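**Q** next input, structure requested:
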Amino acid sequence: MVKTPKIPDPLKAARRELRIAVWELVRGFLAVPDFWLQRNGLCAAIQSDLEDFPAEPQLPDLPDLKGRALTIFLSCAEASGEQHAARLARELIAAATEAGAPAPRLLGFGGAELEAAGVTTLADPGARATMDAGGAMAQLPYYQGLLETLATTCIEDRPDVFVPVDSPALHVPMASIAQRYGVPVVHHITPQYWAWAPWRVRRYKQVVDLALTILPFESAWFDRHDVPNAFVGHPIRDAHAERPAPPGPEDRDTILLLPGSRAKEIEDNLPFMLAALDAVRAAHPDVPVRITQRTADHEDRVRAILGETQGVTLSIGDLEGDLGRARAALAVSGTVLTEVAHQGIPTVVLYRVTKRWKRALRSMLTVPWFSGVNLVAGEEVLPEFAVIGDGDPLPLGQALVRIYEDGPERAKIQTGLKRAMHRLGGPGAARRAARHVLGILHGRSPGREQKRTQAPTA
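**A** This next block holds a predicted model:
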């Protein structure tokens, strides 16, 4: 008699993943001594990757899906990831139809934007997104519930593939859950393990069948760590293609302050940015300055920091318009730098570390620059300033003056920004990603060459 495999209990599976996540955190501390011994070699390898860029990402062939009804589970955990997941959902529907299949059934975790793209959402992790460790710990029961929901869905709905987008802290445990129930995993927007704490890739390669990279140097790094991957290009290039071509920044006059979108990030960076404006005011007393926020979530906080500051305007919900006014910018390191690069805006980049434990993390970086634009360009195109503790805002202000004024430094930055954007690949990242997702179901994408044990029927 052939025994039917026992279905793992969803609650037990969720608790198991949380225990593993805690253990991985502890194991990370144990890995630090070995990391220090290898750090020079890791940094040298990354430097080599930055100098050797692959060709343009290619559009994979479609598999034959004639008549096959697919169920695909997508997941995103914060706002920017949801934008990319929604675009991918639309491309999955188009690719499946083109391959001869009916429109796939899409389930997922996300918000209104994902629902508008045709996904039936079961929860919205983005509504609880936090960068604060204490806040995340307080929400562990909620995250356990998400894992349990995914496990139950894998049993009852039998997705053909699980596609998490970005956010590895949540999606690595979810990927493990999916695999536990026989569902292959394609992770879109790979984690930046190459930047710091690279030992985390050990767990990652165990639970992901195919990693879709968006930065051109990432594939070489994941190749070295035996993670099946494919370079699809940066999804933000899709968003750029949907908009009119931006005007050149030469006739603009505004300085844009981009202090981040999270409460602590704003509190750490905005006062420092305002202090850096003293040097700008000394050289250009009447230059208009705008602070940009995507949403009104932190309007009161920003206004409280501004206080009686003169000559600074708060703008909410019009990033594109604000970028169109900007001649130069002062920004925190993050995805917004790709937006300023697309607009060709010379920018000073701030990375401010106020907490002692974050200072220790900074010493674990394995990359020569913390700005993604500089990494893609392969050199320090945008001036970077890592500020420890209180620091001195004057050098940032002086750099901002130099890039605001016409001269060789401004011209060099604009040339470097064009090179960086070219290296990100052309539009079509979501389309290429969708084809890789469908291709892995038929061995047409570079996933793991192994047979999967399908989850038993409930």
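**Q** got the contact list for residue 333?
**A** By Cβ atoms under 8 Å, 6 or more residues apart in numbering, the residues touching residue 333 are 349, 350, 351, 370, 371, 372, 384. Any C-beta I mention is one placed from the backbone N, CA and C, and that applies to glycine too.
**Q** tell me if the second one really is in a strand.
**A** Okay, so that is residue 350. Yes: applying DSSP: H, G, I helix; E, B strand; the rest coil, one finds residue 350 inside a strand.
**Q** the chain - how does it break down into domains?
**A** Here the domain parsing of the chain from automatic domain parsing is 10-129+136-233+428-442, 249-423.
**Q** returning to that earlier point: adding pLDDT, write the contacts of residue 333 out as JSON lines.
**A** Shown next, in JSON lines, are the contacts of residue 333 (pLDDT from 0 to 100):
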{"residue": "349", "pLDDT": "96"}
{"residue": "350", "pLDDT": "94"}
{"residue": "351", "pLDDT": "88"}
{"residue": "370", "pLDDT": "86"}
{"residue": "371", "pLDDT": "90"}
{"residue": "372", "pLDDT": "89"}
{"residue": "384", "pLDDT": "95"}
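**Q** between the residues you listed, which is closest to residue 424?
**A** Nearest to residue 424 among the contacts of residue 333 is residue 372, at 9.6 Å by Cβ to Cβ.
**Q** and the nearest residue to that closest one once chain neighbours are set aside, backbone torsions?
**A** Closest residue to residue 372 in three dimensions, ignoring its sequence neighbours and counting by Cβ to Cβ, 6 or more residues apart in numbering: residue 337, at 6.0 Å. Main-chain dihedrals, residue 337, degrees, to the nearest 10: phi -60, psi -30.
**Q** tell me how many other residues crowd residue 337.
**A** Residue neighbour count, defined by other Cβ atoms under 10 Å, stands at 24 for residue 337.
**Q** what residues does it make contact with?
**A** 331, 347, 349, 371, 372, 373, 382.
**Q** now tabulate those residues in TSV and tack on neighbour count, distance to residue 396 and secondary structure.
**A** TSV is the format used below for these (neighbours: other Cβ atoms under 10 Å; distance: Cβ to Cβ, whole Å; DSSP: H, G, I helix; E, B strand; the rest coil):
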residue	neighbour count	distance to residue 396	secondary structure
331	24	11	strand
347	28	11	strand
349	28	9	strand
371	25	14	coil
372	24	19	helix
373	25	17	helix
382	27	12	coil
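**Q** from those residues, which is closest to residue 213?
**A** Set against residue 213, the nearest of the contacts of residue 337 by Cβ to Cβ is residue 372 (12.8 Å).
**Q** which residues touch residue 165?
**A** 74, 75, 76, 81, 82, 84, 85, 88, 171, 187, 188, 189.
**Q** if I look at it, how far off is residue 56?
**A** Distance, residue 165 to residue 56, using Cβ to Cβ, to the nearest Å: 22 Å.
**Q** same thing with residue 236?
**A** Distance from residue 236 to residue 56, by Cβ to Cβ: 16 Å.
**Q** may I see the contacts of residue 333 arranged in a markdown table, with distance to residue 342 as well?
**A** Shown next, in a markdown table, are these (distance: Cβ to Cβ, whole Å):
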| residue | distance to residue 342 |
| --- | --- |
| 349 | 15 |
| 350 | 20 |
| 351 | 21 |
| 370 | 19 |
| 371 | 14 |
| 372 | 13 |
| 384 | 19 |
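**Q** closest to residue 183 among those?
**A** residue 372 (30.9 Å).
**Q** surely the closest one is in contact with residue 215?
**A** Yes: using Cβ atoms under 8 Å, residue 372 makes contact with residue 215 at a distance of 7.0 Å.
**Q** circling back to that earlier point, compare residue 236 and residue 56 (neighbour count), which wins?
**A** Per other Cβ under 10 Å, whichever of residue 236 and residue 56 has more neighbours is residue 236, with 21 against 14.
**Q** what's the closest non-adjacent residue to the more buried one?
**A** Leaving aside its sequence neighbours, residue 236 sits nearest to residue 338 (Cβ to Cβ, 6+ apart; 5.1 Å).
**Q** ok, residue 257 - contacts?
**A** Neighbouring residues of residue 257 by Cβ under 8 Å, 6+ apart: 270, 273, 274, 289, 290, 291, 292, 312, 329, 330, 331.
**Q** lowest average confidence, helix or strand, in this protein?
**A** For the chain, using mean pLDDT, DSSP states H and E, the weakest element among its helices and strands is helix 356-362, scoring a mean of 53.
**Q** and the helices in the stretch 201-350 of the chain?
**A** Remark: helices assigned in the stretch 201-350 of the chain by DSSP state H, counting those that start in this stretch are 201-207, 218-224, 236-241, 263-283, 299-306, 319-325, 336-342.
**Q** residue 191 reaches residue 204, doesn't it?
**A** Yes: contact between residue 191 and residue 204 holds when scored by Cβ under 8 Å: they sit 6.8 Å apart.
**Q** between these two, which contacts overlap?
**A** Here residue 191 and residue 204 have 168, 172 as joint contacts, going by Cβ under 8 Å, 6+ apart.
**Q** ok now the host helix or strand of residue 26, how far from the chain's centre?
**A** Following DSSP states H and E, one finds residue 26 within helix 10-51. Distance of helix 10-51 from the chain centroid (Cα atoms, centre = their mean, to the nearest Å) equals 18 Å.
**Q** next secondary structure after that helix?
**A** That would be, after helix 10-51 and using DSSP H and E, strand 71-75.
**Q** for that next one, packing partners?
**A** In terms of contacts (3 or more Cβ pairs under 8 Å, 6 or more residues apart in numbering; DSSP states H and E), strand 71-75 is packed against helix 79-98, strand 105-109, helix 140-156, strand 161-164, helix 168-180.
**Q** return the most buried member of the ones you listed.
**A** strand 161-164 (a mean of 28; mean count of other Cβ atoms under 10 Å).
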